[in-house]
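Peer 1: Below are the sequence and a predicted model; questions follow.
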Amino acid sequence: LQLQESGPGLVTPSETLSLTCSVSSGSISRSDYYWGWIRQPPGKGLEWIGSIYYSGTFYNPSLRSRVSISVDTSKTQLSLKLRSVTATDTAIYYCARGSQGSSGWSHYFDLWGQGILVTVSS
Amino acid sequence: DIQMTQSPSSLSASVGDRVTITCRASQTITKYLNWYQQPSGKAPNLLIYEASSFHSGVPSRFNGSGSGTDFTLTISNLQPEDFATYFCQQTYTSPFTFGPGTKVDVK
């Protein structure tokens, strides 16, 4: 199984950042996994953006008003949309597969895409 | 939000060394602590989940311990491929926050 992010590498301020993550092997609809997006400004730490579970979607409150995550099971793709971007949204964006372990209470990303650098600039 | 801190922020070590990285949460997170390894220029890889459970394929020289607010990642017999940045992440409550990272480089 592999994850591959794609989308524009340059986005204009105030516009919408749109990324897709292609999931090989067609396992995106399995209920024992969930899917998420994480970002990393160049040279800095990691920030969880949000995750989509079989039961629903959850977002980082700091981004909730601007972000949406969805899954297209027919295309085995995960999508991220981030509206009204500014330079502070410049980052490497990773998609990842999540698991909740045997207890069902844990959350961890056990498979990551290679990441895509998105720069917000005019 | 739960704040995660890591110490040290960086360390220099040699192949064969034993390395210890500490992660502290601003409030209890019970056992819901993950460790990731990020080689330079690459995506993170899961090492440890639930504080001490090994992800499949992770070498036994990596060990995670702790509960509550204080956690430790220990690398015994450091190997060349272990020079990387290590992040902890709490998943006790949303938002799932990461620590700032600890960079392990060559002495």
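Peer 2: Good, I have the coordinates.
Peer 1: Please identify the residues of chain A in proximity to chain B?
Peer 2: A:45-48, A:58, A:60-62, A:94, A:101, A:105-115 (CB under 8 Å from any CB of the partner chain). The way it works is simple: take the backbone N, C-alpha and C, and place the C-beta from them, glycine included.
Peer 1: ok, 6 Å please
Peer 2: A:45-46, A:48, A:58, A:60, A:94, A:106-108, A:110, A:112, A:114-115 (CB under 6 Å from any CB of the partner chain).
Peer 1: buried subset of the residues you listed?
Peer 2: A:Gly45, A:Leu46, A:Trp48, A:Phe58, A:Asn60, A:Tyr94, A:Ser106, A:His107, A:Tyr108, A:Asp110, A:Trp112, A:Gly115 (16 or more other CB atoms under 10 Å in any protein chain shown).
Peer 1: now those as TSV including pLDDT?
Peer 2: As requested, these are exported to TSV (pLDDT from 0 to 100):
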residue	pLDDT
A:Gly45	96
A:Leu46	98
A:Trp48	98
A:Phe58	95
A:Asn60	97
A:Tyr94	98
A:Ser106	88
A:His107	93
A:Tyr108	96
A:Asp110	95
A:Trp112	97
A:Gly115	98
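Peer 1: Which members of these occur in strands, if any?
Peer 2: A:Trp48, A:Phe58, A:Tyr94, A:Tyr108, A:Asp110, A:Trp112 (DSSP state E).
Peer 1: hang on, the last one packs against A:Ala96?
Peer 2: So that's A:Trp112. Yes. The pair A:Trp112 and A:Ala96 qualifies as a contact (CB atoms under 6 Å) at a distance of 4.6 Å.
Peer 1: Just the pLDDT at the nearest residue to B:His55 once chain neighbours are set aside, thanks.
Peer 2: Distances taken as CB to CB, 6 or more residues apart in numbering or on different chains place B:Leu46 nearest to B:His55, at 4.5 Å, with adjacent residues excluded. Here, the pLDDT recorded for B:Leu46 equals 98.
Peer 1: now the strand or helix carrying B:Leu46 against strand A:108-112, angle please.
Peer 2: Taking DSSP states H and E as the criterion, B:Leu46 maps to strand B:45-49. If you take axes from the mean of the first three to the mean of the last three CA atoms, to 10 degrees, strand B:45-49 sits at 160 degrees to strand A:108-112.
Peer 1: No further questions, thank you.
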